[in-house]
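Trainee: take this sequence and fold it.
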Amino acid sequence: MKVLKKVNSPKDIKDLSIEELEKLAQEIRKKIIKTVRQNGGHLASNLGVVELTLALHYVFDSPKDKIIFDVGHQCYTHKLITGRKKNFNTLRQHQGISGFPKINESKHDIFGAGHSSTSISAGLGISVAKDFKGDNFKVISIIGDGALTGGMAYEGLNQLGFLEKDMIVVLNDNKMSISKNVGGLSKYLNKISRNPSYNFFKSTLLKIFKKLPSWLGKKIEKILREFKKKLKGFLIPSSFFEELGLRYIGPLDGHNLKTLIENFEYIKKTDEPILVHILTEKGFGYKDAEENPSQFHGVSPNFDEEKKNKKIFSHVLNSKLINLASKNKDLVVVTPAMLNGTKLKGFQKEFPERIFDVGIAEQHAVTFSAGLAREGLKPVCSIYSTFLQRGLDQVIHDVCLQKLPVVFALDRAGLVGTDGPTHHGSFDISYLNYIPNLVIAAPADKKDFEKMIDFAVDYNGPIALRYPKEEVFELERKSFSKIEKGKFEILKEGKDGLIVALGTMVKNALLVAKEFQKEGLNIGVVNARFVKPLDEEFLLDTPDKIITIEENSLVGGFGSMVNSFFESRKIKKEVLNLGLEDKFIEQGKRGFLLDKYGLSKRKIKKRVKEFLK
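Mentor: Numbering: from 1, shown residues only. Have a look, this model is predicted:
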């Protein structure tokens with residue numbers, strides 16, 4: 001009988017032997033691979049933490065003990081053994097289980113996470129609250145898969161060491177984030193893992209000291225502490241974690257269940273801040289993912305079948321930047337651990353010295369770009385819309401306030417599908433449009449995007465280009481209007497109404513207008529191109545009935561800016577704003593979600609027809 005069939009909660013694994021746990025690990029890997037092949041999802045990162053997750057649930061008592069996952073895309077094993085096995089086939093599907101921890105999905109999901117570097121801060125907050133309330137449980141924060149390159153993690157570690165709380169930090173060191181880990185800390189962790197001298201010497205000393213009479217303990221404690229510092233200073237350049245006030249244990253083999261369980265059993269009895277350094281292999285147990293962990297980080301359904309190479313908007317950015325960089329020696333690219341996601345590997349190959357992957361450090365990416373711009377370079381900061389949220393203060397204070405010419409290339413703007421609410425780029429217009437000095441633009445098609453990149457690189461000020469995770473296409477035009485700051489493009493004249501659409505919605509607007517034409521209604525269509533500044537001259541001379549369409553929240557979005565313009569001029573117009581509701585949009589396929597929230601061709605036509613009546 002398969003072991004996984006018997007596991008419906010963490011309690012069910014506690015009586016299993018090591019051999020049965022190892023068998024369970026293999027069955028879980030097969031289940032994850034099968035489900036991700038069907039639904040898409042995060043493959044390599046989840047395959048790397050199977051044994052680690054089983055060991056944690058074997059030793060600790062979830063949900064009483066709080067196991068907190070960082071990044072969130074390492075939680076599939078956790079979900080399988082915490083009561084969601086029967087519904088695991090709904091992973092990442094509409095109304096199915098999330099690909100990330102969600103506190104309203106299970107009592108075992110202690111803290112939601114779709115972005116990185118949050119688990120230590122959240123865990124410390126829970127630990128402090130525990131002491132306030134006089135509760136008794138363990139807090140375990142798992143960080144890794146590159147999340148330790150994020151500054152927030154260090155802020156949490158710093159306070160944890162200062163407060164000396166009873167808390168366990170598990171560092172899942174797989175030498176990867178999405179792309180390969182970068183920076184000094186990564187080199188430091190690798191140095192530890194390659195240096196057996198310190199770990200052997202430490203374990204040998206511990207065995208000797210355990211045999212000493214207890215009355216000697218206090219007298220030699222101070223000597224040992226100083227000796228340990230000197231020893232680590234000699235064998236390892238920096239005892240980083242212990243200097244912060246955390247006891248360091250490891251590195252441990254993250255795929256050896258016996259070793260993990262023995263160490264966690266010991267750690268469970270302690271009451272001090274501890275960092276446990278675990279070495280894992282991303283993609284472990286699936287050869288293709290082991291060999292290409294970046295490629296198999298996040299995959300589409302049927303990922304191992306041969307597919308046609310579809311060109312998406314991210315590929316257009318890569319090609320265009322290569323072309324521009326060959327002519328402009330000052331053009332450089334910055335990305336926070338998104339080389340693969342933003343399709344910039346080609347640029348890296350052509351110009352390895354002019355692209356900077358700064359790790360999962362969005363705030364640093366923005367201010368680093370500002371510094372580059374300050375000294376005359378032209379930085380393109382390529383980042384997902386949802387991740388730029390984390391660097392908003394830097395966009396305001398370090399870039400826009402100083403009018404520095406940074407280009408923000410906002411990938412994944414709009415709905416992204418099955419990654420769900422943590423990854424939808426549905427707020428970038430809303431959180432950027434109130435910032436002075438910032439230009440915001442959105443291309444309607446491939447040609448628009450190429451010309452917009454030209455414009456952005458030449459523009460002497462901060463500018464954000466938002467574009468979707470979509471296959472590229474080209475609109476039918478009689479002629480192409482030159483990209484000019486704050487100027488709309490008229491695609492179709494119409495006397496019965498006017499649709500002013502932005503970015504991805506221009507295509508649907510044209511299709512709707514075409515259908516209305518057959519029904520005797522002549523509806524005009526405008527490609528807005530710019531969110532900020534608006535084409536005020538054009539808006540002053542528009543019909544009485546206007547429809548705005550955007551793939552962004554209606555709150556603070558493009559439509560609200562058009563409304564505000566008319567109100568400020570005391571111009572009375574009937575305006576219908578179509579966009580996303582004021583809510584966190586759930587996971588689901590993009591086409592389905594667009595239809596549900598009124599942005600499919602069918603739903604747009606229906607709403608416009610009602611409005612014009």
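
Trainee: quick one: find the helix or strand in this protein with the lowest mean pLDDT.
Mentor: Ranking every helix and strand in the chain by mean pLDDT, DSSP states H and E puts helix 184-193 at the bottom, with a mean of 50.

Trainee: and the closest residue to residue 286 other than its chain neighbours, what does it touch?
Mentor: Computed as CB to CB, 6 or more residues apart in numbering, the closest residue to residue 286 that is not its neighbour in sequence is residue 47, at 5.6 Å. All C-beta atoms are positioned from the backbone trio N, CA, C, and that covers glycine. Taking CB atoms under 8 Å, 6 or more residues apart in numbering, we find residue 47 in contact with 29, 32-33, 282-286, 289.

Trainee: among these, name the buried ones.
Mentor: Among those, those classed as buried by 16 or more other CB atoms under 10 Å are 29, 32-33, 282-286, 289.

Trainee: okay, those residues in TSV with distance to residue 253 and pLDDT next?
Mentor: Below are the buried ones among the contacts of residue 47 laid out as TSV (distance: CB to CB, whole Å; pLDDT from 0 to 100):
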residue	distance to residue 253	pLDDT
29	17	94
32	21	92
33	22	91
282	15	84
283	16	83
284	11	83
285	14	78
286	18	78
289	19	78
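
Trainee: between the residues you listed, which is nearest residue 90?
Mentor: Among these, residue 32 lies closest to residue 90 (CB to CB), at 14.2 Å.

Trainee: wait, that closest one touches residue 77, no?
Mentor: Yes: with contact taken as CB atoms under 8 Å, residue 32 and residue 77 are classed as touching, separated by 7.4 Å.

Trainee: who touches both of those two?
Mentor: 46, 50.

Trainee: please identify the helix or strand for residue 142.
Mentor: strand 139-144 (DSSP states H and E).

Trainee: packing partners for that strand?
Mentor: helix 50-59, strand 66-69, helix 119-133, strand 168-173 (3 or more CB pairs under 8 Å, 6 or more residues apart in numbering; DSSP states H and E).

Trainee: residues contacting it, please?
Mentor: 49, 52, 56, 60, 65-71, 74, 117, 119-120, 122-124, 126-127, 130, 153, 165-174, 278, 280.

Trainee: how far away from the center of its chain is it?
Mentor: 18 Å (CA atoms, centre = their mean, to the nearest Å).

Trainee: dump it to CSV, restricted to CA.
Mentor: Coordinates of each C-alpha in strand 139-144 appear next as CSV, following Å, rounded to 0.1, in the frame of the first residue of the first chain:
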residue,chain,number,x,y,z
VAL,A,139,7.9,29.1,15.9
ILE,A,140,9.8,27.9,12.8
SER,A,141,10.5,30.3,9.9
ILE,A,142,11.8,28.7,6.7
ILE,A,143,13.7,31.1,4.5
GLY,A,144,15.7,30.3,1.4
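
Trainee: which SSE is immediately downstream of it?
Mentor: Taking DSSP H and E, what comes next after strand 139-144 is helix 151-163.

Trainee: give me the buried positions along that next one.
Mentor: Buried-residue list, helix 151-163, by 16+ other CB under 10 Å: 152-154, 156-157, 159-161.
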